[in-house]
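1. quick one: sequence plus predicted model below, questions after.
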Amino acid sequence: MGGNSSKISKQDLEVYKQLTFFTEKEIFNCCKRFGKLVGDDVVRGVDSINDERCKVTMEQIITTLDELKVNPFAFRLCQVFAQNGDFLLFEEFLDMMSVLSEAAPPQVKAEWAFKVFDYDGDNLLGKNDIRKVVDAITNSGEGVGQEKEVRLDNNEVNSVVENVLNETDLNRTGYISLTEFKQIVTKSPDFANSFRIKL
């Protein structure tokens, strides 16, 4: 798979260096990682890693990347970056890996984390969004936790949701805005470390 670097044109490489938080070497590492997910046969049959045949299902990414296997937000993370909804192309994969890289600024990570947690896509984190986040973290939602003991009952989840809103909804609208979210999470020393993947 050593030929993956030739699957990125010089022009594309320059654009990627400007639009991501990656060095040239890291871009090639992403290409190599993506190429392994796509498969040798497909990669050998294309001139560019951006060929439409080079695509990976979200399930493949989640079950193959060790960093995502245990992440309760793995599906949502892929979903936010996948423009098609079912799979990721190389540039979407590169964007996701860039945002999750150590070099990405906390403000950028916060914006993407907000999108991951904004399940209904209304650009606000409401009670239902926060409930889904709590359910994912605690394994307490419907359909999850059936093999394991459910950690929080409905009243406990509701209490956590109310506490989160009380502490982060600074302007008391009943929702958490992107600005409020960024203000809170970027102050957390653990946030940047928990929202990353090492290449």
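-> Structure's in. What do you need?
2. residues of the strand or helix carrying Q60 that come out buried?
-> Using DSSP states H and E, Q60 sits within helix 58-64. For helix 58-64, a neighbour-count test (16 or more other CB atoms under 10 Å) marks 58, 60-61 as buried. No exception for glycine: its C-beta is placed from N, CA and C like everyone else's.
3. and for stretch 94-109?
-> Using 16+ other CB under 10 Å as the test for burial, stretch 94-109 gives 94-101, 104, 106, 108-109.
4. need the max-distance pair from those residues.
-> Spatial extent of the buried residues of stretch 94-109 (CB to CB) is set by the pair L94 and P106 at 20.2 Å.
5. distance check, the residue sitting nearest the centre point of the chain against D95.
-> Residue closest to the mean C-alpha point of the chain, counted by CA atoms, centre = their mean, is L77 at 3.0 Å. Separation of L77 from D95 (CB to CB, to the nearest Å) stands at 11 Å.
6. likewise for I130?
-> I130 is 26 Å from D95, where distance means CB to CB.
7. and if you look at I27?
-> Counting by CB to CB - I27 and D95 are separated by 12 Å.
8. quickly list what's touching both of these two.
-> Residues touching both I27 and D95 by CB atoms under 8 Å, 6 or more residues apart in numbering: T20.
9. state the pLDDT value of Q11.
-> For Q11, the pLDDT comes out at 96.
10. run a quick neighbour tally on it.
-> By other CB atoms under 10 Å, the residues close to Q11 number 8.
11. residues touching it, list them.
-> By CB under 8 Å, 6+ apart, Q11 has no neighbours at all.
12. so which helix or strand takes in it?
-> helix 10-19.
13. how far does that helix sit from the chain's center?
-> Centroid separation between helix 10-19 and its chain, computed with CA atoms, centre = their mean, to the nearest Å, is 22 Å.
14. does N71 touch L77 like I think?
-> Yes - between N71 and L77 there is a contact under CB atoms under 8 Å: 7.0 Å.
15. does I137 sit in a helix or strand, and which one?
-> helix 127-138.
16. count the neighbours of L19 for me.
-> Residues near L19, counting by other CB under 10 Å: 12.
17. pLDDT value on it, please?
-> 96.
18. and it, how far is that from L100?
-> 15 Å.
19. what's the answer for V157, then?
-> 27 Å.
20. Q18 too?
-> If you go by CB to CB, the gap between Q18 and L100 works out to 19 Å.
21. surely D120 touches I130?
-> No - with contact defined as CB under 8 Å, D120 and I130 do not form a contacting pair (11.3 Å).
22. who has more neighbours out of those two?
-> I130 (23 against 11).
23. how about the more buried one, what does it touch?
-> Applying CB under 8 Å, 6+ apart, the residues near I130 are 117, 161, 164-165, 176.
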